[in-house]
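*Asks:* Predicted model and sequence below, questions to follow.
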Amino acid sequence: MNGNTDNFDIHLRIHHAAALAQLSPQVQAQLAQRRNAALRGSGIAKSGHRLRLAAAAFASVCALAVGVQFFPQSQPALSPAVTASVAITTQATTASATARGNAALEEDPDFYAWLGASETRQLAME
């Protein structure tokens, strides 16, 4: 297996040398400059990062602006009497709605018949 790897490496180096021989000296010089700039960590690559950073910052600001739209607005303070009456009304409404909802399910035999149907099991399996 090691012989196959060495053979592959030799063929790859031959093809690479042939490809380099077909390049003009100007292109080879540009490639060398870009390789050196990349190894130094300076040059063209940093300007692209600035643009990406600016785009990410803009997207964050836009997301924040949209999020603030959904943030609840502050309400003026209510008097204690109004607050108490609102709490009592809310509790009574919630209790009656819960009682009506439970009674509706207990009195509706079609609901339970639907749950026991064979088509329901097939739908649940899909």
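*Replies:* Sure, I can see it.
*Asks:* so what does the host helix or strand of Ala37 touch, helix or strand wise?
*Replies:* With elements taken from DSSP states H and E, the one containing Ala37 is helix 25-40. Helix 25-40 is packed against helix 44-70, with contacts defined by 3 or more CB pairs under 8 Å, 6 or more residues apart in numbering; DSSP states H and E. Just so you know, the C-beta spots here come from the backbone N, C-alpha and C atoms, and that holds for glycine as well.
*Asks:* so the helix it packs on versus helix 25-40, what angle?
*Replies:* Angle of helix 44-70 versus helix 25-40, following axes from the mean of the first three to the mean of the last three CA atoms, to 10 degrees, is 60 degrees.
*Asks:* What is helix 44-70 packed up against?
*Replies:* So helix 44-70, by 3+ CB pairs under 8 Å, 6+ apart, packs with helix 25-40.
*Asks:* tell me, how many neighbours does Arg40 end up with?
*Replies:* Burial of Arg40 is recorded as 8 neighbouring residues (other CB atoms under 10 Å).
*Asks:* same thing with Arg50?
*Replies:* When neighbours are counted by other CB under 10 Å, Arg50 registers 9.
*Asks:* Equivalent analysis for Ala37, please.
*Replies:* Neighbour number of Ala37 under other CB under 10 Å is 14.
*Asks:* Same check on Leu31?
*Replies:* Leu31 is flanked by 12 other residues according to other CB under 10 Å.
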